[in-house]
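K.L.:
starting from these lines, generate the structure:
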Amino acid sequence: MPRVLVLGAGSIGVYVGGKLAAAGAEVTFVGRPRILNEIAAHGLRLTDLDGNDDRVEPAAFRTATDAAGAAAADLVLITVKSADTGTATAELAGKLKPGTVVLSLQNGIGNDAVIREILPACVVLAGMVMFNVVQHPGGRFHRGTAGGVEVADDPALDRFAPLLRDCGLSVRRHADLLPIQWAKLLLNLNNPINALSGRPLREELSNRDYRRCLALTQREALDAMSRARIRPARLTVLPPEAMARLLTVPDGLFRRIAGKVLAIDPVARSSMADDLAAGRKTEIAWLCGEIVSLGAMVGVPTPVNRRLIELVTAAENGDRRTWSGAELRDQLETAARSGQ
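P.N.:
Now for the predicted structure:
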């Protein structure tokens with residue numbers, strides 16, 4: 001079985017690495033002591049909204065606070081926050097065997113390019129985790145939304161095909177991952193809205209005012225993507241442009257037409273909500289910031305996404321205000337009217 005190194009033992013890294021360990025891979029988790037100590041003491045329990053329940057005993061994986069043992073790895077999963085990509089990847093420089101497959105499972109666009117610059121002798125591939133993971137006490141990590149793992153295809157992945165097939169993660173390979181990455185970014189524009197709402201994802205998305213906020217951010221993003229000739233993939237019941245319109249309909253009609261969007265565990269929240277609750281810096285610069293940068297590049301104003309960055313930055317700096325749907329919509333509509 002392959003030897004797998006997970007660099008960034010947060011909720012996503014532990015869940016994905018844990019599923020590989022449950023399938024028999026030799027997995028080492030590298031991260032902060034808080035999570036490592038917990039999983040070393042309790043082992044892993046990996047559950048999901050479909051009723052699956054996998055357990056991995058502590059003896060079946062390793063933990064480390066640094067990447068000193070990286071030379072033994074056949075496959076490296078980088079699951080750190082985007083802001084930490086360069087620093088974390090630098091820990092691997094000079095340690096990995098040439099040809100080692102390094103898979104970036106991170107939000108945003110372009111992390112794989114950063115990694116490839118630091119690890120030129122490795123096979124560096126982009127990937128996207130399409131589901132949300134909630135961490136519970138006692139080493140339990142719960143997949144709270146539907147989705148699998150999407151990765152850029154490469155022949156170097158062939159040796160891992162049996163593991164990826166049997167681990168229960170629904171791993172799909174794509175000749176061109178960029179349309180999927182941009183489509184996932186559109187969905188992730190809900191992360192700041194969810195974080196500012198103070199509500200679980202399902203409750204937030206059941207509220208028309210919050211959905212109208214998301215529609216504003218997505219329309220702005222779609223305008224910038226269109227100008228840049230970027231065509232995001234279709235990941236929802238409707239194409240992205242139609243889905244942005246559907247978000248604005250009354251709650252009852254939305255539930256009837258797009259009920260699958262609300263197929264979310266009742267306690268699941270966005271990773272950005274978890275970051276704010278824990279006092280950590282968020283990935284807002286790699287979500288709304290990506291849209292602002294794209295808009296500036298192609299000459300499309302992005303005032304809604306700029307305003308969301310301002311609100312989340314204020315929350316990072318101690319403003320713990322919880323915004324109602326109507327209040328947040330007013331903020332974003334005012335920004336949209338300003339056009340700046």
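K.L.:
which residues in the stretch 51-200 of the chain form strands?
P.N.:
Secondary structure of the stretch 51-200 of the chain by DSSP state E, counting those that start in this stretch: the strands cover 53-56, 61-64, 75-78, 101-105, 123-129, 133-136, 140-143, 149-152, 171-174.
K.L.:
between those, which gets the lowest average pLDDT?
P.N.:
Looking at the strands of the stretch 51-200 of the chain, the lowest mean pLDDT belongs to strand 133-136 (a mean of 92).
K.L.:
for stretch 52-65, the distance to its chain's centre please.
P.N.:
22 Å (C-alpha atoms, centre = their mean, to the nearest Å).
K.L.:
which intervals of the stretch 51-200 of the chain have sub-threshold pLDDT?
P.N.:
For the stretch 51-200 of the chain, no stretch has pLDDT under 70.
K.L.:
cutoff 90 now
P.N.:
Per-residue confidence for the stretch 51-200 of the chain (pLDDT under 90) gives these ranges: 146.
K.L.:
of all the strands of the stretch 51-200 of the chain, which lies closest to Val261?
P.N.:
strand 140-143 (16.3 Å; C-beta to C-beta). Where C-beta positions appear, they are placed from N, C-alpha and C, glycine not excepted.
K.L.:
what packs against that closest one?
P.N.:
helix 11-22, strand 44-48, strand 133-136 (3 or more C-beta pairs under 8 Å, 6 or more residues apart in numbering; DSSP states H and E).
K.L.:
what pairs with it, parallel or antiparallel?
P.N.:
Strand pairing for strand 140-143, using DSSP bridges, gives strand 44-48 (parallel), strand 133-136 (antiparallel).
K.L.:
can you give me how far it is from the chain middle?
P.N.:
15 Å.
K.L.:
now swap in stretch 219-236 and tell me
P.N.:
19 Å.
K.L.:
list of residues touching that stretch?
P.N.:
With contacts defined as C-beta atoms under 8 Å, 6 or more residues apart in numbering, stretch 219-236 is touched by 130, 178-180, 182-187, 189, 240-241, 243-244, 258, 261, 291, 294-295, 297-305, 336.
K.L.:
now Arg321: how far from Pro240?
P.N.:
30 Å (C-beta to C-beta, to the nearest Å).
K.L.:
which of those two has more neighbours?
P.N.:
Pro240 (21 against 10; other C-beta atoms under 10 Å).
K.L.:
that one is in contact with Gln218, isn't it?
P.N.:
Yes: applying C-beta atoms under 8 Å, one finds Pro240 in contact with Gln218, separated by 7.1 Å.
K.L.:
now do the same contact list for Asp275.
P.N.:
Ala195, Lys281, Thr282, Glu283.
K.L.:
drop anything exposed from the residues you listed.
P.N.:
Ala195, Thr282, Glu283 (16 or more other C-beta atoms under 10 Å).
K.L.:
for the last one, phi and psi?
P.N.:
In this case it means Glu283. The phi/psi pair for Glu283 (degrees, to the nearest 10) reads phi -100, psi 30.
K.L.:
tell me which residues touch it, please.
P.N.:
Glu283 neighbours (C-beta under 8 Å, 6+ apart): Lys81, Ser82, Ala83, Asn107, Gly108, Asn191, Ser271, Met272, Asp275.
K.L.:
need the buried ones from those residues selected in PyMOL.
P.N.:
Buried residues within the contacts of Glu283, by 16+ other C-beta under 10 Å, are selected in PyMOL with:
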select buried, resi 81+82+107+108+191+271+272+275
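K.L.:
hmm, back to that, now which of the contacts of stretch 219-236 would you call buried?
P.N.:
When the contacts of stretch 219-236 are checked for burial by 16+ other C-beta under 10 Å, the buried set is 130, 180, 182-187, 189, 240, 243-244, 258, 261, 291, 294-295, 300-305, 336.
K.L.:
those residues in helices, which ones?
P.N.:
180, 182-187, 240, 243-244, 291, 294-295, 303-305, 336 (DSSP state H).
K.L.:
hmm, back to that, turn the contacts of Glu283 into JSON lines, columns for distance to Gln135.
P.N.:
Listed next are the contacts of Glu283 as JSON lines, based on distance: C-beta to C-beta, whole Å:
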{"residue": "Lys81", "distance to Gln135": "15"}
{"residue": "Ser82", "distance to Gln135": "19"}
{"residue": "Ala83", "distance to Gln135": "20"}
{"residue": "Asn107", "distance to Gln135": "17"}
{"residue": "Gly108", "distance to Gln135": "21"}
{"residue": "Asn191", "distance to Gln135": "16"}
{"residue": "Ser271", "distance to Gln135": "10"}
{"residue": "Met272", "distance to Gln135": "15"}
{"residue": "Asp275", "distance to Gln135": "12"}
